[in-house]
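K.L.:
take a look and give me a structure for this.
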Amino acid sequence: MSFASQNFAPEIVRALDECGYEKMTPIQQKAIPAARRGEDILANAQTGTGKTAAFSLPIIQRIADQPKPRKGFSTRALVLAPTRELAEQIARNISDYSQFLDLKVLAVFGGKKMSSQEKQLEAGVDILVATPGRLLEHIELGNVSMANLEFLVFDEADRMLDMGFVGDIRTIMSGIQGHPQTMLFSATFSGMMNKLAGEILQKPKRISVTPENSTAETVAHVVYPVDEDRKRELLSELIGKKNWQQVLVFVNYKETANTLVQELKLDGIKAVICHGDKAQSARRRALEEFTTGKARVMVATEVAARGLDIQGLPHVVNYDMPFLAEDYVHRIGRTGRAGQQGHAVSFVSREEELTLLQVEKIIKQRIRRVILEGYEPAKRDALIEKLNTKASYRDRKSRTNNPDQSAAERRMRLQRAIRNRNSAPKTLKK
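P.N.:
Alright, predicted model coming up:
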């Protein structure tokens, strides 16, 4: 199905042609007609499925059909995203889709001066993309009014809950008058997510292009069992022997990221780093070097990599298994996007076997194990048998986030659990 078949304005069709868009993706085919009818939407869609166009194109068309003068400190559409990287990416995409129309699109997020954002908000915007924390700051200062809001979108809503934004979301919602058309997009669903959807949506059209909490069919999964102290050697060997040219590597700690990048460079592998201690400008430079091929590897922590959109990324490596098994879906969602083939590789030490079982339960498939000669883990067979046969281990539920806790409290709880599990140094920070 083509975009032209949806009766979009010629300016939008022309912009999509400029972007190289031809056929609609499954989420676009299902969401766009419902959004054009003004329905609230609850959509289950992985990253890389084309959901930005799915929610933004109908909004752009409706604004173009009903032009109104911009009012100071006001917006007609609001898109909430969990991270600055994702907010910036969404705003860039919407600007591309509306490049031949008189629409003003603005992204506001932390790391940029409030004063410059305030000046742009003063003139009024048509579509505002924001992270919850920075939006609340502007609302408290009177820089953003919700009085004329017509459209509201939550993108990667599950990540916002994971990051402790549920309180911010409810505060934002309490200041919205009436009921703008609301669309909520999420890759995974939980009890808390369903509760939030019930609070903010009215008779939503439910859309799902993949089973809940599943991974893209275009991604091949593989696990390499390996002792913790051999992971770095294994990574270098796989990159060299398999000639991987572009690899996004996830670790759990900033300290691990710093050390790993230095070790890879000693092995002659150009690597860059992306974590919360790095300035936004440094993270952008790292991403540019990685996407342009100047660096073969980017090592990132969970928080820093949320929202990254890397076209055609072939390999994602879980150097550390995630603290929360549900985060596996988000990590490997960086590859296998837009119908392209991708590879999700996980290094699993003896201490991480339980997390692996929880991941397999979530994605409803067993991941192929490959034991590389020379990297056989010690004393693993007895543990595997215990995990699979003893009910207390086999049926143990994955750790989940408590939405009533702050992000800082949740980090502390997770860090304590990890330290107790594998005696990690107390100074480590996620």
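K.L.:
quick one: what helix or strand has F55 in it?
P.N.:
helix 51-65 (DSSP states H and E).
K.L.:
helices or strands up against that helix?
P.N.:
For helix 51-65, the packing partners by 3 or more Cβ pairs under 8 Å, 6 or more residues apart in numbering; DSSP states H and E come out as helix 10-18, helix 26-36, strand 41-44, strand 75-80, helix 84-97, strand 125-130, strand 151-154, strand 181-186. C-betas here are computed from N, CA, C, even on glycine.
K.L.:
between the ones you listed, which gets nearest to R283?
P.N.:
Among the helices and strands packed on helix 51-65, the nearest to R283 by Cβ to Cβ is helix 84-97 (7.9 Å).
K.L.:
in that closest one, what counts as buried?
P.N.:
In terms of neighbour count (16 or more other Cβ atoms under 10 Å), helix 84-97 has its buried residues at 84-91, 93-97.
K.L.:
dump the next helix-or-strand element following that helix to PDB, restricted to CA.
P.N.:
Sequence order places strand 105-108 as the next helix or strand after helix 84-97, per DSSP H and E. Only the C-alpha atoms of strand 105-108 are listed here, as PDB (Å, rounded to 0.1, in the frame of the first residue of the first chain):
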ATOM      1  CA  VAL A 105       8.300  21.900  14.800                       C
ATOM      2  CA  LEU A 106      10.300  22.200  17.900                       C
ATOM      3  CA  ALA A 107      12.100  19.700  20.200                       C
ATOM      4  CA  VAL A 108      12.800  20.600  23.900                       C
END
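K.L.:
for strand 105-108, give me every contacting residue.
P.N.:
Under the criterion Cβ atoms under 8 Å, 6 or more residues apart in numbering, residues 87-88, 90-91, 94-95, 98, 117, 120-121, 125-131, 134-135, 138 lie in contact with strand 105-108.
K.L.:
from the contact counts, what lies against the helix or strand just after that strand?
P.N.:
Per DSSP H and E, the first helix or strand lying C-terminal to strand 105-108 is helix 114-122. In terms of contacts (3+ Cβ pairs under 8 Å, 6+ apart), helix 114-122 is packed against strand 105-108, helix 132-140.
K.L.:
just send these back as JSON lines, with mean pLDDT, mean neighbour count and distance to M298 too.
P.N.:
Output for the helices and strands packed on helix 114-122, formatted as JSON lines (pLDDT from 0 to 100; neighbours: other Cβ atoms under 10 Å; distance: least, Cβ to Cβ, whole Å):
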{"stretch": "strand 105-108", "mean pLDDT": "97", "mean neighbour count": "24", "distance to M298": "22"}
{"stretch": "helix 132-140", "mean pLDDT": "95", "mean neighbour count": "18", "distance to M298": "25"}
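K.L.:
let's test this: mean pLDDT of stretch 275-284, rounded?
P.N.:
For stretch 275-284, the mean pLDDT works out to 80.
K.L.:
please apply the same query to stretch 295-307.
P.N.:
Averaging pLDDT along stretch 295-307 gives 80.
K.L.:
just stretch 85-98 next, same as before
P.N.:
For stretch 85-98, the mean pLDDT works out to 93.
K.L.:
now the strands for this protein?
P.N.:
Here the chain has its strands, by DSSP state E, at 41-44, 75-80, 105-108, 125-130, 151-154, 181-186, 205-208, 219-225, 247-251, 271-274, 297-301, 315-318, 342-348, 368-369.
K.L.:
turn those into TSV, including distance to V166.
P.N.:
Shown next, in TSV, are these (distance: least, Cβ to Cβ, whole Å):
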stretch	distance to V166
strand 41-44	17
strand 75-80	12
strand 105-108	20
strand 125-130	16
strand 151-154	11
strand 181-186	13
strand 205-208	21
strand 219-225	29
strand 247-251	24
strand 271-274	26
strand 297-301	22
strand 315-318	27
strand 342-348	29
strand 368-369	37
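K.L.:
go through these and name the closest to S145.
P.N.:
For those, the distance to S145 is smallest for strand 75-80, at 7.9 Å, taking Cβ to Cβ.
K.L.:
now for the closest one, which elements pack on it?
P.N.:
Strand 75-80 is packed against helix 51-65, helix 84-97, strand 125-130, helix 132-140, strand 151-154, with contacts defined by 3+ Cβ pairs under 8 Å, 6+ apart.
K.L.:
the ones you listed: which one's closest to G276?
P.N.:
Of all the helices and strands packed on strand 75-80, helix 84-97 comes closest under Cβ to Cβ, at 11.3 Å.
K.L.:
how about the closest one as PDB, C-alpha atoms only?
P.N.:
Extracted C-alpha coordinates of helix 84-97, given in PDB (Å, rounded to 0.1, in the frame of the first residue of the first chain):
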ATOM      1  CA  ARG A  84      16.700  13.600  24.300                       C
ATOM      2  CA  GLU A  85      18.000  11.400  21.400                       C
ATOM      3  CA  LEU A  86      14.600  10.100  20.600                       C
ATOM      4  CA  ALA A  87      13.000  13.500  20.900                       C
ATOM      5  CA  GLU A  88      15.500  15.000  18.600                       C
ATOM      6  CA  GLN A  89      15.100  12.200  16.100                       C
ATOM      7  CA  ILE A  90      11.300  12.500  16.100                       C
ATOM      8  CA  ALA A  91      11.400  16.300  15.600                       C
ATOM      9  CA  ARG A  92      13.800  15.800  12.700                       C
ATOM     10  CA  ASN A  93      11.600  13.200  11.000                       C
ATOM     11  CA  ILE A  94       8.500  15.400  11.400                       C
ATOM     12  CA  SER A  95      10.300  18.400  10.000                       C
ATOM     13  CA  ASP A  96      11.300  16.200   7.000                       C
ATOM     14  CA  TYR A  97       7.700  15.100   6.400                       C
END
